[in-house]
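1. here is the input, now give the coordinates:
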Amino acid sequence: MKKTVFLTAMVATAFITLASCDNDNDSTAAKYITVSTSIGDMTRVATNDDGSQSFENGDQISVFAWTGNATVAPAAAERVVDNAINTLDNKVWKATPQMLWKDMTSTHYFIGVYPKFDAAVADLTKAAYALDPANQEKADMLVAVNSKGMKASENPVLLSFDHVMAQLTVNLSFRTQFGGAAKVTAVNAVGMADKATVNLLTKAVTADATQTTVSLGVTETNKSYRSIVVPQTGFKQIDIVIDGKTFTYTHANEISLASGKQTVVNLIVGRDEITLGSVNINPWGTGETLNGDALD
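-> Residues are numbered from 1 along each chain as shown. Predicted coordinates for the structure are as follows:
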């Protein structure tokens, strides 16, 4: 998978196409479910030179399917497909284990998750998530739900993946006191949850109560820093470490970190104070702007 991510992108589209293995007129026999993808410019994962994005060879997604009630997440024993790992291999998605329809007449409902789960998921309404700032690709969790339902005779099955985590970007500029030679060694989000549970059926994220410090990755040295983060309330503090000294910016109110949106904080750093240039809240695109200032 290419390493350049975080461009304007919100929805990835995967199609589940159906291939029968026996007689198509048999309404009770199980049929294979195979996965293929058709991904346009509103997608995410690998970023091309023109800004479009796509899945790449070796990418893996988890797929779940069930019958019955679309609004009730089934227990593991009731799932028709339970965390089948689909790997993209030369433009073809290959499932392990092979996915089968329960029958040809029942309505099936689907959940897709990127990246794939390494372990079984006991409760689809409480999937565990732990942020790894060093692995931004896996940190950017995508969830797709097809709750309208499909039968084996109807294809393809459309899965539209949404970002369920948030993204925080901090852009820095410096006053003349630094003489243009400020050396930033770290930009940290302080007082932030880095764990959560995700309801895969509703795409709702519940942040853990425990708070920690999340170090933002370098987008452009001394200028821009970014990380996927857990959507949450109450976040206010950003620390910038310059030449061994910590400059702290504390927002008067909480800085919004919303599911599927990018929050951009522009800070002007001086020797004695940090001034807030603006806060942009973007759905991985354009959004509103908040202005204000604060002292170190």
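2. going forward, measure contacts and count neighbours with C-alpha atoms only.
-> Fine.
3. tell me where the stretch 101-250 of the chain has helices.
-> For the stretch 101-250 of the chain, the helices defined by DSSP state H, counting those that start in this stretch cover 136-139.
4. residue ranges with poor pLDDT in it?
-> For the stretch 101-250 of the chain, the stretches flagged by pLDDT under 70 are 180.
5. rerun at 50
-> In the prediction, the stretch 101-250 of the chain carries no residues with pLDDT under 50.
6. wait, Ala152 sits on Tyr109?
-> No - Ala152 is beyond contact range of Tyr109, at 11.1 Å (criterion: C-alpha atoms under 8 Å).
7. quick check: the gap between Val230 and Phe64.
-> 23 Å (C-alpha to C-alpha, to the nearest Å).
8. no no, Ala196
-> 20 Å.
9. tell me the domain ranges of the protein?
-> Split into domains by automatic domain parsing, the chain comes to 11-163, 166-295.
10. using a markdown table, please lay out those domains together with mean neighbour count.
-> A markdown table is the format used below for the domains of the chain (neighbours: other C-alpha atoms under 10 Å):
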| stretch | mean neighbour count |
| --- | --- |
| domain 11-163 | 18 |
| domain 166-295 | 18 |
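11. and the strands in the stretch 101-250 of the chain?
-> With DSSP state E, counting those that start in this stretch as the criterion, the stretch 101-250 of the chain has strands at 108-114, 127-130, 142-150, 157-163, 166-174, 184-192, 195-199, 204-207, 212-215, 217-220, 224-229, 237-242, 245-250.
12. can you put these in CSV and add distance to Asn86?
-> Below are the strands of the stretch 101-250 of the chain laid out as CSV (distance: least, C-alpha to C-alpha, whole Å):
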stretch, distance to Asn86
strand 108-114, 10
strand 127-130, 19
strand 142-150, 14
strand 157-163, 14
strand 166-174, 25
strand 184-192, 33
strand 195-199, 21
strand 204-207, 24
strand 212-215, 31
strand 217-220, 29
strand 224-229, 24
strand 237-242, 39
strand 245-250, 44
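13. and Leu257, which of these is closest to it?
-> Among the strands of the stretch 101-250 of the chain, strand 166-174 comes nearest to Leu257, with 5.8 Å by C-alpha to C-alpha.
14. so what strands line up beside that closest one?
-> Here strand 166-174 has these sheet partners by DSSP bridges: strand 224-229 (antiparallel), strand 262-269 (parallel).
15. so which of these is nearest Ile255?
-> Proximity to Ile255 (C-alpha to C-alpha) singles out strand 262-269 among those, at 8.1 Å.
16. mind putting the strands paired with strand 166-174 into TSV with distance to Asn83?
-> Converted to TSV, these look like this (distance: least, C-alpha to C-alpha, whole Å):
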stretch	distance to Asn83
strand 224-229	24
strand 262-269	29
